[in-house]
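*Asks:* Kindly generate the corresponding structure for this input.
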Amino acid sequence: MYYTLFWRIMHTPFSQGRWYNDLVHKEIVMKKIRLFCAGGLTTTLLVNKMKAAATVIGYDVDISAHPVIELDEKGSDCDLIILGPQVASSLHDVQAKFPKQTVMVCDLVAFGNIDAKAILEKAKKALGD
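*Replies:* Below is the predicted model:
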């Protein structure tokens, strides 16, 4: 009886890894959002609020702020590039330089009001989440 029960358990699809791999070894990929502006100060305030808003809604995301001069080194390892209104004129150049990343410009009013929730929702929509 014990052997029969053990054999049945060990030969179920779950124990053979078909479902186990899906349940246990599923890799959670965190989206990376990078905000770039002229100096990085205003976007740092915005990023802190965006992180708090993401935590409240349970959205796993890695968000950071950088000055636009760091775009070449920081832009290639992210999923979404958000440009501050001060550097919005470089949108087409950034899209051409980073064709694999989604690039968007931050809304001027939301940026001015540091409305992190609105910007996070637009970022989620741009990422398809």
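*Asks:* contacts, neighbours, all on C-alpha from now
*Replies:* OK.
*Asks:* for the one helix or strand residue 50 maps to, packing partners?
*Replies:* Applying DSSP states H and E as the criterion places residue 50 in helix 41-57. Here helix 41-57 is seen to pack against strand 31-37, strand 61-67, helix 116-127 when contacts are counted using 3 or more Cα pairs under 8 Å, 6 or more residues apart in numbering; DSSP states H and E.
*Asks:* Pick the most deeply packed of the ones you listed.
*Replies:* Counting by mean count of other Cα atoms under 10 Å, strand 31-37 has the highest mean neighbour count of these, with a mean of 23.
*Asks:* So for this structure, the centremost residue is which one?
*Replies:* Central residue of the chain (Cα atoms, centre = their mean): residue 31, 2.6 Å from the mean position.
*Asks:* Low-confidence stretches in the chain?
*Replies:* Residues of the chain meeting the criterion pLDDT under 70: 1-28, 40.
*Asks:* Recalculate using a threshold of 50.
*Replies:* The chain contains residues with pLDDT under 50 at 1-10, 15-16, 19-26.
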